[in-house]
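Peer 1: sequence and predicted model, in that order:
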Amino acid sequence: METYRPQRQPGLDIGSSPVLRRRRVLGLLPSMAVAGLWSSMAHAHSGYPQHPVKLVVPAPPGSSPDVMARQWGERFSKLSGVPVLVENKTGATTIIAAQAVANAPADGYTLLWTFNNTFSINPFVFRKLPYTIEDFVPATQVLAVPFVLLVAPQARWRTLGDLLDDARARPNALNYGSAGMGSGFHVAMARLLNATGTSMTHVPYRDAFIPDLIAGRIDVTFDASTTAIAQVRGGTLRALGVSDPKRLEQLPDVPAIAETVPGYSANSWQGLFAPKGTPNDVVQTLAALSNQIVAAPGFRSQVREYGLLPVGSTPSAFQKFVTEDARDWGRVIRDNRITID
């Protein structure tokens, strides 16, 4: 567990801080001036926070969620004047971390920084979970995480169209890897196959699957933009498409999958949740401070370098987004009978 211990610095300019851009579906991102005024008023009204905030992250140190949570936590500390303690609780596809926060005091000092598996995938993949979305209050979406569709550089498919044509001609002959049954990469590929009327054989991995893709032992896979961009730029892998409806700034020559498959979108996301019962003024202050971080030009610029998309949202907008996101991913999971006992 790491702790940030800032000195309280009123009016601190966080414009040079690193981190993240994104999805205008939630497009409630205010300007810097409005965001600063909003967060200052909310902070003054609620008095939150007054002591260290624990940020529980269901991913290991060095992973994309961990890195983003720590960078966000550092900036939150500078704005609020209180330390942020990042605690990694890994395992069981975010279930352990989610359960820990669900059982924490509802005072705003234990928060869950998580991604779409927790509420958009797990409830449909697992027959029984120790938590539900009703155990939490969505506070704010911080960013979106596009996926990149990848093949080996020596692969014969030069475009997504080539790959889909081959899959149609040879049902289930091609295979695709993923980070495991019910992972975001698995469900994103199932969504693509459903949308195009094609079929491939799923090869779930418990450990790293990219080395097998590079070696040609699997044909294709999705990976997060945070790790895929460097591989594509370095020539280790070839990108056929991205899951965001628009092309990524960091991969401008790689088409959005939606250019070939209209309407396709399969981004992940990262956001903040508090335990059920957390006072509304605390949740509103948390969201306001977070939105000020996300609105900072330096933060947004750095996030784009990671291939991520900064969002920012109100609690009500994030609640609506999570509900719709779970509906969309859940439909794919049910249609493909993806379950884990």
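Peer 2: Happy to help now that I have it. Values in this document were obtained by computation on a predicted structure and should not be read as measured data.
Peer 1: residues touching S120, list them.
Peer 2: S120 is in contact with V322, D325, A326, D328, W329, G330, counting by CB atoms under 8 Å, 6 or more residues apart in numbering. No exception for glycine: its C-beta is placed from N, CA and C like everyone else's.
Peer 1: would you mark the buried spots in the helix or strand encompassing the fourth one?
Peer 2: For D328, the host element (DSSP states H and E) is helix 315-335. Applying a neighbour-count criterion of 16 or more other CB atoms under 10 Å, the buried positions in helix 315-335 are P315, A317, F318, Q319, F321, V322, D325, A326, W329, G330, V332, I333.
Peer 1: quick check: mean pLDDT across it?
Peer 2: On average, the pLDDT along helix 315-335 is 97.
Peer 1: now for it, which elements pack on it?
Peer 2: When contacts are defined as 3 or more CB pairs under 8 Å, 6 or more residues apart in numbering; DSSP states H and E, helix 315-335 sits against helix 122-125, strand 136-145, helix 184-196, strand 268-275, helix 280-295.
Peer 1: quick one, it and helix 280-295 angle?
Peer 2: 80 degrees (axes from the mean of the first three to the mean of the last three CA atoms, to 10 degrees).
Peer 1: pull the CA atoms of helix 315-335 into CSV?
Peer 2: The C-alpha coordinates for helix 315-335 follow below in CSV (Å, rounded to 0.1, in the frame of the first residue of the first chain):
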residue,chain,number,x,y,z
PRO,A,315,-22.7,10.5,-10.4
SER,A,316,-26.1,10.4,-12.1
ALA,A,317,-24.5,10.2,-15.6
PHE,A,318,-22.2,7.5,-14.5
GLN,A,319,-25.1,5.5,-12.9
LYS,A,320,-26.9,5.7,-16.3
PHE,A,321,-23.8,4.7,-18.2
VAL,A,322,-23.1,1.6,-16.0
THR,A,323,-26.7,0.5,-16.4
GLU,A,324,-26.5,0.7,-20.2
ASP,A,325,-23.0,-0.7,-20.4
ALA,A,326,-24.1,-3.8,-18.3
ARG,A,327,-27.1,-4.3,-20.5
ASP,A,328,-25.0,-4.3,-23.7
TRP,A,329,-22.2,-6.6,-22.4
GLY,A,330,-24.8,-8.8,-20.6
ARG,A,331,-26.7,-9.4,-23.9
VAL,A,332,-23.5,-10.7,-25.6
ILE,A,333,-22.7,-12.9,-22.6
ARG,A,334,-26.2,-14.5,-22.6
ASP,A,335,-26.3,-14.9,-26.3
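Peer 1: check the offset of that helix from the chain's centre.
Peer 2: 13 Å (CA atoms, centre = their mean, to the nearest Å).
Peer 1: between helix 184-196 and it, find me the angle.
Peer 2: Interaxial angle of helix 315-335 relative to helix 184-196 (the same axes, to 10 degrees): 70 degrees.
Peer 1: nearest to V56 among the contacts of S120?
Peer 2: Checking the contacts of S120 against V56 with CB to CB, the nearest one is V322 at 17.5 Å.
Peer 1: correct me if wrong: that closest one contacts P138.
Peer 2: Yes - using CB atoms under 8 Å, V322 is in contact with P138, at 5.5 Å.
Peer 1: give me the common contacts of these two.
Peer 2: Jointly contacting V322 and P138 under the rule CB under 8 Å, 6+ apart are G271.
Peer 1: ok, now which ones touch the residue nearest to the spatial centre of the chain?
Peer 2: With distances taken as CA atoms, centre = their mean, W269 lies nearest the centre of the chain, 2.4 Å away. Taking CB under 8 Å, 6+ apart, we find W269 in contact with R23, F115, N116, Q141, L143, A144, V145, V311, D325.
Peer 1: now the strands for this structure?
Peer 2: Using DSSP state E, the strands of the chain run over 2-4, 53-57, 84-88, 110-115, 136-145, 147-151, 175-178, 201-204, 220-224, 238-242, 268-275, 309-310.
Peer 1: for those strands, which has the smallest mean pLDDT value?
Peer 2: Across these, the lowest-scoring stretch is strand 2-4, with a mean of 45.
Peer 1: run a quick neighbour tally on the closest residue in space to D135 that isn't next to it in sequence.
Peer 2: Using CB to CB, 6 or more residues apart in numbering and skipping the chain neighbours, the partner closest in space to D135 is A102 (4.1 Å). Neighbour count for A102, taken as other CB atoms under 10 Å: 19.
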